[in-house]
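*Asks:* Provided below for reference: sequence and predicted model.
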Amino acid sequence: MKDEEKKMKEEKLKMKMKDEEKRNEENMKERKKLKEEEEKMKVEKKRKERKKNKMKDEEKMKEEEEKMKEEMKKMVVDEKKINSGQFSEDMIPTVGFNMRKITKGNVTIKLWDIGGQPRFRSMWERYCRGVSAIV
């Protein structure tokens, strides 16, 4: 009888060990699965960050392009009293205004030449609105 009891105990122990091995194996599979999911999440997070950074970079580039595309009006006003001989003697005075548009790459500059004679000074206020600089 003792032998039978001993065999039964051994068998129970073997069954417990098999059950434990099975649980360990299942736990290992579960850990592996969780690790794989974690890796996938990390990869997805990095991809989203790169996409977000790319979008930010594209936005910055668009903003910079828009700034460069901004047109600037520059006005040249020649008041006859102030003329210090820096202009050519054979220069023809501006009657009304002349405008020239110069574009280099993304930058466009509008040069407006307004007559400096007293009869044209009433126009200055209208033409000077939104001007970036007056020379």
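*Replies:* Noted; the coordinates are in hand.
*Asks:* Is residue 94 part of a helix or strand, or is it coil?
*Replies:* Three-state call for residue 94 (DSSP: H, G, I helix; E, B strand; the rest coil): coil.
*Asks:* wouldn't it be in contact with residue 111 here?
*Replies:* No. With contact defined as C-beta atoms under 8 Å, residue 94 does not count as touching residue 111 (11.7 Å). C-beta coordinates here come from the backbone N, C-alpha and C atoms, glycine included.
*Asks:* Tell me the pLDDT of residue 101.
*Replies:* Residue 101 is assigned a pLDDT of 85 by the prediction.
*Asks:* Quick check: it touching residue 112?
*Replies:* No. In this structure residue 101 lies outside contact range of residue 112 using C-beta under 8 Å: 9.9 Å.
*Asks:* who has more neighbours, these two?
*Replies:* residue 112 (19 against 10; other C-beta atoms under 10 Å).
*Asks:* Distance-wise, check that one relative to residue 105.
*Replies:* Computed as C-beta to C-beta, to the nearest Å, the residue 112 to residue 105 distance reads 21 Å.
*Asks:* ok, now residue 46?
*Replies:* Taking C-beta to C-beta, one finds residue 46 at 36 Å from residue 105.
*Asks:* Which of the helices or strands spans residue 121?
*Replies:* Following DSSP states H and E, one finds residue 121 within helix 121-128.
*Asks:* Show me what counts as buried in that helix.
*Replies:* The neighbour-count check on helix 121-128 (16 or more other C-beta atoms under 10 Å) flags residue 127 as buried.
*Asks:* where does residue 100 fall, helix, sheet strand or coil?
*Replies:* strand.
*Asks:* Show the residue spans covered by the strands in this structure.
*Replies:* Using DSSP state E, the strands of the chain run over residues 71-77, 97-104, 107-114, 133-134.
*Asks:* which helices and strands sit right next to the longest helix belonging to the chain?
*Replies:* If you go by DSSP state H, the chain has its longest helix at helix 2-69. Applying 3 or more C-beta pairs under 8 Å, 6 or more residues apart in numbering; DSSP states H and E, we find helix 2-69 packed against strand 107-114.
*Asks:* So what are the sheet partners of the strand it packs on and their directions?
*Replies:* As defined by DSSP bridges, the strand partners of strand 107-114 come to strand 71-77 (parallel), strand 97-104 (antiparallel).
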